[in-house]
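Asks: structure, please.
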Amino acid sequence: MVEELFAQVSYVDIFNFCVFLVFTICYSYQLYYVFHVLTHKVEPRVAKKNHRYAVVISARNEAAVIGDLIHSIRVNNYPQELIDIFVIADNCTDNTAMVAQRAGAIVFPRFNRQYIGKGYALTYGFKCIKEQYGHNGYEAYFVFDADNVLDVNYFREMNATFDAGAKASTSYRNSKNYDSNWISAGYAVWFLRECKYLSQARLLLNTSCAISGTGFFIAADVIEKAGGWKWHLLTEDIQFSAETILNGEQISYTPTAMLYDEQPITFRDSWNQRFRWAKGFYQVFGRYGWGLAKGIFTNPKGRRFACFDMLMTIAPGMLLTIVALTFNVLVVVFAALGLMTTGVAVATSLSSVFFCVFNYTLIMFAFGVLATFTEWDNINAPTSHKIRYMFTFPAFMLTYIPIALVALVKKAEWTPIAHTISVDVESFSQTQGERKAA
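Replies: Numbers count the residues shown, from 1 in each chain. Okay, the predicted model is just below:
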């Protein structure tokens, strides 16, 4: 009986220790990221030349917001003759195409019920641009979502990054509806943390960043070499990032180029979106995980740490959390069914479940507090709301656990999310400026 007890307790303890050890080895470097960002500054860039760009926007039933984005591009502090705007009106049933055309964009209507999703829409858009406007000599392509609006200096700042030689760059992703509720605030805080303590750290350390959904450019020669837009997984942005890093190339970051993004405000929309993201991360991991693992030792251009960092980004770390929780819950269930006779193993598993959830919550709270306070002036909300949503952020992140679990077994489809928040970019930027001045 003593030997059986010892064996049961040992297996539980050893398993939980191994999970803890793996997490520590894999993700402790991100704590160094935080330290490095807090102790180093990004050197400003100034462009020697203004370059010519095409803006590519995939829009599906976005009549309520597409005009705001186009307007924010047209009032940008950058020569307008060097920017052409293209909108792919993808399977629209509203007047998105008409609104975009009246706002000054060139519109490509697309109707295809078989190949659905942003990746396929971008493929069609790049093909049309090459065939009809390839003679314009675009040097890079910007990709935005229809619900975005841009800071007035966005293109000037991104142009400086391109002029410095970057082949691709992401930008600072802020929220235009942080203050809607705890769900939109959860998204906003996560993206603020990603920009400040992941992308900026990678920029400072001269490793590669990752494209995050919207607000990025890709050099024209990269698109030309790829034969157009060829990335079609559910998270086409992460797929592009993984493939770029595998090829030994670098994605930059421009912290001074800010865009404002609309976040979901209902849990249903949030679930559907993050479920697609989780499924997409599994897809990218399945396709590129082994290559990135090998790249840690053999990357052809020395981007070995970038391969490791990207692998940790797409690796199902949340899945490891689920496995640990499931293992310990099963120990408790087996004990309740009489299949185990020791209370010590049950107590160990119960404490492990508690500390797993508690530690995850505490870490997310710490990241939320850090991101909120360091980015305080960029958050468009009253002080009381900023403080309140620091406490709801861990709850938002905890909901990723069931999402990641369901994504393992359920098929994901591209589900559109309605965007309805119209923002005047000038007044929004003015509000932000007044908040900083105060």
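
Asks: stretch 58-67 - what's its average pLDDT?
Replies: Stretch 58-67 carries an average pLDDT of 95.

Asks: and R173, that one's in a strand?
Replies: Yes - residue state for R173 (DSSP: H, G, I helix; E, B strand; the rest coil) corresponds to a strand.

Asks: who does it bridge with?
Replies: For R173, the beta-bridge partners under DSSP bridges are L259.

Asks: from M390, how far out is it?
Replies: With distances taken as Cβ to Cβ, to the nearest Å, R173 is found 19 Å from M390. Every residue, glycine included, has its C-beta placed from N, CA and C.

Asks: compare these two (neighbour count), which wins?
Replies: Under the neighbour definition other Cβ atoms under 10 Å, R173 and M390 were set side by side, and R173 has more, 23 against 20.

Asks: so the more buried one versus Y260, what's the distance?
Replies: Distance of R173 to Y260, given as Cβ to Cβ: 8 Å.

Asks: same check on K230?
Replies: 29 Å.

Asks: those two - which one has more neighbours?
Replies: Taking other Cβ under 10 Å, K230 and Y260 do not tie; Y260 has more neighbours (29 against 15).

Asks: pLDDT score for the closest residue to that one other than its chain neighbours?
Replies: Excluding its sequence neighbours, the residue lying closest to Y260 (Cβ to Cβ, 6 or more residues apart in numbering) is K176, at 3.8 Å. Turning to K176, the model gives it a pLDDT of 94.

Asks: next: D145.
Replies: According to the predicted model, the pLDDT of D145 comes to 96.

Asks: correct me if wrong: it contacts F216.
Replies: No - counting by Cβ atoms under 8 Å, D145 stays clear of F216, with 10.9 Å between them.

Asks: looking at those two, which is more packed in?
Replies: Neighbours around D145 and F216, counted as other Cβ under 10 Å, are more numerous at F216. The numbers are 29 against 20.

Asks: mind listing what that one touches?
Replies: With contacts taken as Cβ atoms under 8 Å, 6 or more residues apart in numbering, F216 has the following neighbours: 142-143, 168-171, 237.

Asks: return the member of the residues you listed nearest to A47.
Replies: Using Cβ to Cβ, S169 is the member of the contacts of F216 that lies nearest A47, at 12.7 Å.

Asks: for I421, give me its contacts.
Replies: Taking Cβ under 8 Å, 6+ apart, we find I421 in contact with 65, 147, 176-177, 180, 262.

Asks: please apply the same query to R173.
Replies: Neighbouring residues of R173 by Cβ under 8 Å, 6+ apart: 191-192, 194-195, 212-215, 259, 261.

Asks: so can I have CSV of the contacts of F216 showing secondary structure and neighbour count?
Replies: Written out in CSV, the entries for those read as follows (DSSP: H, G, I helix; E, B strand; the rest coil; neighbours: other Cβ atoms under 10 Å):
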residue, secondary structure, neighbour count
F142, strand, 25
V143, strand, 24
A168, strand, 24
S169, strand, 28
T170, strand, 29
S171, strand, 28
D237, helix, 22
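
Asks: quick check: which element contains the nearest residue to K118 once chain neighbours are set aside?
Replies: Excluding its sequence neighbours, the residue lying closest to K118 (Cβ to Cβ, 6+ apart) is S58, at 4.9 Å. For S58, the host element (DSSP states H and E) is strand 53-59.
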